[in-house]
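In: Sequence and predicted structure, then a few things I'm wondering about:
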Amino acid sequence: MTTVLEMKNISIEFPGVKALNDVSFSTATGSTHALIGANGAGKSTLMKVLSGAYHHYTGEIYIDGKQVSIRSPKDAQNLGIQIVYQEVDTALIPYLTVGENIMLNETVNDMGKKQFISWKHIHEKATAILESIHVNISSKKLVSELTLAEKQMVIIARSLVKQCKFLILDEPTAPLSHSETNELFRIVRDLKERNVGIIFISHRLPELFEICDDITVMKNGEFVCKEKIAETSQNRVVEYMLGEKLEEQFPKNQVEIGSTVLEVKGLYDTGMIKNFDMHAGAGEIVGIAGLVGAGKSELCKALFGAAKVKAGEIKIHGKKVKIKDPSQAVKQGLAFVPEERRKEGILVQESVAANLTAASLGKFSKALSFLDFKREKEVSSQMISSLGIKTPSQETRVQNLSGGNQQKVAIGKWLIADAEVYIFDEPTKGVDVGAKKDIFELISQLAKRGKSIIYASCEFSEILGITDRVYVVYDGQVAKELDTNTTNEEELLFYSTGGK
């Protein structure tokens, strides 16, 4: 039996911004519904309203024509609405087992009713739920020992403890490899067959067109359109998202590559990186291509001193340097925009201005090391304007910005610091097509200024679109060095999967 969910005229405001303006959304069980829009469009906010995370909204929510009240996560769960957020680590307790995490809500409820908890019963029930979606994870394994993909499966399993009518997946494939994504899609199709309605938020259009039945587009906190996937196209959806046609996504600046700036020989870290050789010239964008888990992030962290190096040498402008920690890396002219921007790239509780100047505080220090706040505000204001960072003010906390604007802040702080070598690790992860183009333009401008760029990504289309040369990484080593102009996605995939 089909259950219909309707959200009508939903509006919500936060200090300085109206996040949703009179938005309507509808879907039904037994279908997979894509929800898409540029960063800041309001899609995650709308789903937080539906899942009970935000209670101060106006508007109405109906299930099968009956108005319901959702003002807390418990209200949503009692109605069969569950959500799996992008940051899976925050939703699980690492020192508990898989079974304890899956049955967490039930266990908490039982503690108020029963004197003793049957741990055998908890693990048996958790195992049964995992088996029902064909996930082979021991219920007695600690969550801290799981991969990101496995953690996601555990959260999905937890959502099925109570009858789940609607499951919201917020950027579920962002941290997953190709094989892990296929496994997630298998589970989504299985849940759909069991008459669960899936609401799928993602910036990866090819995935949405593969897995979804319907698509709703949002822009600037407002509803734009709802269409059948079979009756639209990816280009049309992009036009709806941006309000205009997307022209050439990758800027093509003719830059003459200068002398070698960064040279790496025989680099080993304490874990994955083995005998890594590479170099990058002035004005050159060097790609580090590979699948999830190939060692791209480990390499970036080793170069920046964020991971311990046990062998090898790094040279900047021909001079051998020792980089034992990030502060030394900054002094040697290196900048790093990490993959996990909220954990490692920005100070989410601090203002936009504080983040933009965090990497170059010496430039804003007066006598006796007092900060020149007036100068800090002037420079941050200029950077906000030049990067097109959408924020109510420079005093706004970075956690309140969209993903794309957070990434611009993470990049902007290094533009103020004016480094020699810029290391980007998956810089467009969780970023919409419009913000991606802005980031590519920033990187292109850095190359034009003679900076050396290291661009690590598992998105091969981006590697081909923006880099001059590429090192394909497999199992922590260089599998192949290629000229970007003479290679293609098939060749990158061949070497990144261990082909010889």
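Out: Sure thing, it's come through.
In: use CA for all of it now, contacts and neighbours both
Out: OK.
In: any low-confidence regions in the stretch 301-450 of the chain?
Out: Filtered on pLDDT under 70, the stretch 301-450 of the chain yields the residue ranges 366-369.
In: how about the strands in it?
Out: Under the criterion DSSP state E, counting those that start in this stretch, strands of the stretch 301-450 of the chain are mapped to 309-316, 319-321, 334-337, 421-425.
In: Same check on the stretch 151-300 of the chain?
Out: Listed in chain order, the strands of the stretch 151-300 of the chain (DSSP E, counting those that start in this stretch) span 166-170, 197-201, 214-219, 222-228, 260-269, 276-281, 285-289.
In: What are the buried residues along the fourth one?
Out: Right, strand 222-228. By 16 or more other CA atoms under 10 Å, the buried positions in strand 222-228 come out as Glu222, Phe223, Val224, Lys226.
In: Relative to Asn355, how far out is the most centrally placed residue in the chain?
Out: Nearest to the mean C-alpha position of the chain, by CA atoms, centre = their mean, lies Gly430 at 3.6 Å. Here the criterion is CA to CA, to the nearest Å. By it, Gly430 lies 20 Å from Asn355.
In: circling back to that earlier point, distance to Glu441 for the strands of the stretch 151-300 of the chain - can I get that in JSON lines?
Out: Below are the strands of the stretch 151-300 of the chain laid out as JSON lines (distance: least, CA to CA, whole Å):
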{"stretch": "strand 166-170", "distance to Glu441": "27"}
{"stretch": "strand 197-201", "distance to Glu441": "26"}
{"stretch": "strand 214-219", "distance to Glu441": "22"}
{"stretch": "strand 222-228", "distance to Glu441": "27"}
{"stretch": "strand 260-269", "distance to Glu441": "22"}
{"stretch": "strand 276-281", "distance to Glu441": "19"}
{"stretch": "strand 285-289", "distance to Glu441": "12"}
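In: now, of those strands, which is deepest in the fold?
Out: Mean neighbours per residue, mean count of other CA atoms under 10 Å, is largest over the strands of the stretch 151-300 of the chain for strand 285-289, with a mean of 28.
In: which other residues reach that strand?
Out: 280, 296, 447, 452-460, 463, 466-473, 492, 496 (CA atoms under 8 Å, 6 or more residues apart in numbering).
In: The spatially closest residue to Thr173 that is not a sequence neighbour: how many residues sit nearby?
Out: Leaving aside its sequence neighbours, Thr173 sits nearest to Thr181 (CA to CA, 6 or more residues apart in numbering; 5.9 Å). Thr181 has 17 neighbours, counted by other CA atoms under 10 Å.
In: roughly how far apart are Thr181 and Ser118?
Out: 35 Å.
In: so which of the strands of the stretch 301-450 of the chain comes closest to Lys301?
Out: When the strands of the stretch 301-450 of the chain are compared by CA to CA, strand 334-337 sits nearest Lys301, at 8.3 Å.
In: what lines up beside the closest one in the sheet?
Out: Here strand 334-337 is paired, per DSSP bridges, with strand 421-425 (parallel).
In: Let me know the secondary structure of Val473.
Out: strand (DSSP: H, G, I helix; E, B strand; the rest coil).
In: Give me the pLDDT for it.
Out: What the model reports as pLDDT for Val473 is 94.
In: that older thread, looking at it, the residue nearest to the centre of the chain is touching His203, isn't it?
Out: Yes. Between Gly430 and His203 there is a contact under CA atoms under 8 Å: 6.6 Å.
In: shared neighbours of those two, anything?
Out: Once CA under 8 Å, 6+ apart is applied, the residues that Gly430 and His203 both contact turn out to be Glu171.
In: What residues are bridge-paired with Ile198?
Out: Residues in a beta bridge with Ile198, per DSSP bridges, are Thr32, Leu167.
In: Just to check, it is in contact with Thr32?
Out: Yes. Between Ile198 and Thr32 there is a contact at 4.6 Å, judged by CA under 8 Å.
In: Give the intersection of the neighbour lists for those two.
Out: Jointly contacting Ile198 and Thr32 under the rule CA under 8 Å, 6+ apart are Lys192.
In: Leaving out the residues flanking it, which one is nearest to Thr357?
Out: Closest to Thr357 by CA to CA, 6+ apart is Lys413, at 5.7 Å.
In: Pretty sure that neighbour sits against Ala353.
Out: No. The pair Lys413 / Ala353 is not scored as a contact, 9.3 Å apart, by CA under 8 Å.
In: can I see the domain layout of this structure?
Out: Listed by automatic domain parsing, the domain ranges of the chain are 4-242, 260-496.
In: Reformat these as CSV; add distance to Asn253.
Out: Conversion of the domains of the chain to CSV gives the following (distance: least, CA to CA, whole Å):
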stretch, distance to Asn253
domain 4-242, 24
domain 260-496, 7
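In: right, and the ones you listed - which one's nearest Pro251?
Out: domain 260-496 (6.1 Å).
In: measure the closest one end to end?
Out: End-to-end span of domain 260-496 (CA to CA): 26 Å.
In: As JSON lines, the strands of the stretch 301-450 of the chain with distance to His56 and mean neighbour count would be great.
Out: Output for the strands of the stretch 301-450 of the chain, formatted as JSON lines (distance: least, CA to CA, whole Å; neighbours: other CA atoms under 10 Å):
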{"stretch": "strand 309-316", "distance to His56": "50", "mean neighbour count": "17"}
{"stretch": "strand 319-321", "distance to His56": "54", "mean neighbour count": "12"}
{"stretch": "strand 334-337", "distance to His56": "35", "mean neighbour count": "25"}
{"stretch": "strand 421-425", "distance to His56": "37", "mean neighbour count": "24"}
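In: So for Cys164, which of these sits nearest?
Out: strand 421-425 (36.2 Å).
In: Dump that closest one to PDB, restricted to CA.
Out: C-alpha atoms of strand 421-425 as PDB (Å, rounded to 0.1, in the frame of the first residue of the first chain):
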ATOM      1  CA  VAL A 421      52.600  25.100  -3.400                       C
ATOM      2  CA  TYR A 422      48.800  24.500  -3.000                       C
ATOM      3  CA  ILE A 423      47.700  21.000  -2.200                       C
ATOM      4  CA  PHE A 424      44.000  20.200  -2.800                       C
ATOM      5  CA  ASP A 425      42.500  16.900  -1.600                       C
END
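In: ok and it relative to strand 260-269, angle-wise?
Out: If you take axes from the mean of the first three to the mean of the last three CA atoms, to 10 degrees, strand 421-425 sits at 50 degrees to strand 260-269.
In: Which parts of the stretch 1-150 of the chain are strands?
Out: 4-14, 17-28, 32-37, 58-63, 66-68, 81-84.
In: Go through those and pick out the most buried.
Out: It is strand 32-37: most buried of the strands of the stretch 1-150 of the chain by mean count of other CA under 10 Å, with a mean of 28.
In: got the contact list for that strand?
Out: Contacts for strand 32-37 (CA under 8 Å, 6+ apart): 27, 43, 192, 197-203, 208, 211-219, 241, 432.
In: Now do it: distance to the chain's middle.
Out: In terms of CA atoms, centre = their mean, to the nearest Å, the centre of strand 32-37 is set 17 Å apart from its chain centre.
In: cool, and stretch 130-150?
Out: Distance of stretch 130-150 from its chain centroid, counting by CA atoms, centre = their mean, is 22 Å.
In: Let me see the residues that make contact with it.
Out: Residues from elsewhere that reach stretch 130-150, judged by CA under 8 Å, 6+ apart: 88, 92-101, 123, 126-127, 151, 153-154, 157, 175-176, 180, 187, 190-191.
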